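>>> Show me the folded form of this:
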Amino acid sequence: MRGFDFKKYVSLHFPVLSSILSVVISLLYFAKGLQTEFIIGTWWIIVVNLVYVPLALIFRTKVVPYFLAIYSVLLVFLTAFEKTFLFNNYTPLFVVFIASIFSPRHELHFLVLYFICAATAFVLNEESTILFLIHVVRAFWFVMAYYCAVSMKQGSDDLVLFDDERKILDQLLDGKTYQKEVSGFSENTIYRKLKAARERNGCSTREELVERYRDSARR
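The predicted structure is shown next:
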């Protein structure tokens, strides 16, 4: 029996899961307003998150990129005018996403390190629990969106490859067993390109990479 696939579960149920978190975020911002004050940015965040819910349930993932674009604009101004250093700043998290694209097998390590560092920074900066919860819940929303986007990408094009890598794999699919039999590239170049392709796509062996390429070519 296979273990629970969290990424697959998120990609299948993202509209519902993200809607639940959006409601939680709205409630946390409302609590923040009660704790401090209701500035215009607080109301905007509450309204945008609540409007997202019916749109996500109706239009599913089609609404996500537009929501994120609007939210990014709000975060720019909130980060500029809120008197806090951390809770609206998600730049390090998106750097983690970029790192995870380059090295998928270390993705979990990167995320765990991020959340440990974020928690430590909040404690050192003495920011309130409400602000910390807002950051964590929204960060988890972004992580789910990242998983969903990656899953959708893999569903349409299983491997992320450059043209030279595809040329090499095409020859390997044609029955050329050894790298020295592949024409147009030196053995060192083939080794480097296949290694880069394996690491980028989370394949542990050349055979796994070739097999996944074979499967994607059949679709």
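>>> Run a quick neighbour tally on the closest residue to C203 other than its chain neighbours.
Nearest non-adjacent residue to C203, counting by C-beta to C-beta, 6 or more residues apart in numbering: L209, 4.2 Å away. For every residue, glycine as well, the C-beta is placed using N, CA and C. Using other C-beta atoms under 10 Å, L209 is surrounded by 24 other residues.
>>> Now the longest helix seen in the chain: buried residues?
Assignment by DSSP state H gives helix 6-35 as the longest helix of the chain. Buried positions in helix 6-35, judged by neighbour count with 16 or more other C-beta atoms under 10 Å: 10-11, 14-15, 17-19, 21-22, 24-26, 28-29, 32-33.
>>> returning to that earlier point: any idea how far the residue nearest to C203 lies from I40?
51 Å (C-beta to C-beta, to the nearest Å).
>>> Likewise for E107?
37 Å.
>>> Pick out the most distant pair among the buried residues of helix 6-35.
For the buried residues of helix 6-35, the maximum inter-member distance is 33.3 Å, found between S11 and G33 (C-beta to C-beta).
>>> Just to check, A99 is in contact with L108?
No. Contact between A99 and L108 fails when scored by C-beta atoms under 8 Å: they sit 11.8 Å apart.
>>> ok, the two, which is more surrounded?
Per other C-beta under 10 Å, whichever of A99 and L108 has more neighbours is A99, with 17 against 10.
>>> Just give the nearest non-adjacent residue to the more buried one, would you?
F110 (5.3 Å).
>>> F102 is in contact with that neighbour, correct?
No. In terms of C-beta under 8 Å, F110 does not count as a neighbour of F102; the distance is 10.1 Å.
>>> Give me the more crowded residue out of those two.
F110 (16 against 10).
>>> which one of the buried residues of helix 6-35 is nearest R200?
For these, the nearest to R200 is S11 (19.9 Å; C-beta to C-beta).
>>> check contacts around Y114.
P92, L93, V96, A139 (C-beta atoms under 8 Å, 6 or more residues apart in numbering).
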